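Participant: the sequence and its predicted three-dimensional model are supplied below.
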Amino acid sequence: MKLFPELQTHTFPIMRSSCAETIMEFSAGAYLFDGDCINLLNSIPSDSVALVISSPPYNIGKIYETRISLEAYLESFQSIFEQIKRILAPTGSICWQVGNYVKNGEVYPLDIYFYPIFKSLNLRLRNRIIWHFNHGLHARKRFSGRYETLLWFTKSDDYTFNLDSVRIPSKYPGKRHFKGPNKGKPSGNPLGKNPSDLWKLLEQEWKTCIWEIPNVKSNHPEKTEHPCQFPIELVERCVLALTNEAETVFDPFCGVGSALVAAVRHNRRGIGADKVSSYVDTAIERLHKLKDGTLRIRPLGKPIHKPSGNEKVSQIPLEWKK
Ligand SMILES: C[S@@+](CC[C@H](N)C(=O)[O-])C[C@H]1O[C@@H](n2cnc3c(N)ncnc32)[C@H](O)[C@@H]1O
């Protein structure tokens, strides 16, 4: 049985607004704000959000950003983080997913720069999760980058962590204790094992498809026009582990709304802001598809595709064989 069947219908309201104050009318479903997240943040009530999860712009010159100095970039988050801490519930969490800023070939891992800012707000780090994928640029003057990180902070020591909701199948469920009082009994957990702080999720498979079979790009179940969207599965794991039903999840840089899809799909409330209204259009479209059961989502925990070795792209080119 699939834990989260695809193509299932859902019932929830969807609200879109460019007036931040309308957030006060929002009580269920998904709320999308067209505009700068700081304007929305100022209107969100204190202690009201269970999880803030986001992948902010990395200042690397993507279509939706203008490159500035690293110092100015980090400084631009100061007031955002202060507001995020204010709106976070006492048992709440922040998941901040980032990669590298690169200047003149020198790499600046953004989590290293964000960490002291979060610490200065007295937030507590619970995990530095490595999100590993198998695609990307092939570097020539350094090793190719194949992971990004997700910093999970909590507001206090009393925080929500529903490990059982996100356990993954054990490799050896039949293992037994070989000594001690439990000798002979199964040593694992019947619900599976802790997924650990190394995550290999969807993007691996989807980018591989893009690179190796270019015309299947648009066939990927979750791909939209956004250049760097979250795999829904990545957000789902955080939503399920770090929030309870009916609580609120907020993505201040929500792009095409992956975090909101993950939230409402699991009966949480989702709030998102993006300053590019065409991304908000797509987010709304995805939420409507989720409602009517036509949004294709890779199921949580689906094994990553492994090439059989027979595919053309898996074989060594004839001209390389001596
Ligand atoms: C890395 S993308 C996030 C993508 C998102 N995780 C998804 O799954 O689609 C960052 C997004 O932040 C938006 N953005 C940049 N500055 C913003 C701001 N001040 N307020 C709101 N959105 C902003 C960009 O338009 C972009 O879509």
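Facilitator: Looks like it arrived, so ask away.
Participant: which residues of this structure lie near the ligand?
Facilitator: 36-37, 55, 57, 64, 226, 228-230, 253-256, 258, 273-276, 279 (Cβ under 6 Å from any ligand atom). No exception for glycine: its C-beta is placed from N, CA and C like everyone else's.
Participant: generate a PyMOL selection restricted to the buried subset of those residues.
Facilitator: Typed into PyMOL, the line below selects the buried ones among the residues of the chain next to the ligand, using 16 or more other Cβ atoms under 10 Å:
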select buried, resi 37+55+57+226+229+230+253+254+255+256+258+273+274+275+279
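Participant: which ones among the residues of the chain next to the ligand map onto strands?
Facilitator: 273-274 (DSSP state E).
Participant: buried ones in stretch 226-239?
Facilitator: 226, 229-239.
Participant: which other residues reach it?
Facilitator: 4, 51, 53, 55, 62-63, 93, 95, 97, 131, 150, 152, 166, 195, 199, 201-203, 206, 222-223, 249, 255-256, 258-259, 261-263, 265-266, 268, 279, 282, 297-300 (Cβ atoms under 8 Å, 6 or more residues apart in numbering).
Participant: inside strands: which ones of those?
Facilitator: 51, 53, 93, 95, 97, 131, 150, 152, 199, 249.
Participant: any stretches of the stretch 51-200 of the chain with poor pLDDT?
Facilitator: For the stretch 51-200 of the chain, no stretch has pLDDT under 70.
Participant: from Ile23, how far off is the residue of it at minimum distance from the ligand?
Facilitator: Closest residue of the stretch 51-200 of the chain to the ligand, Cβ to the nearest ligand atom: Tyr64 (3.5 Å). If you measure Tyr64 against Ile23 using Cβ to Cβ, to the nearest Å, the figure is 23 Å.
Participant: burial check on the closest residue to Asn189 other than its chain neighbours, number of neighbours?
Facilitator: Nearest residue to Asn189, sequence neighbours excluded (Cβ to Cβ, 6 or more residues apart in numbering): Arg167, at 6.6 Å. Residues within reach of Arg167, counting by other Cβ atoms under 10 Å, total 18.
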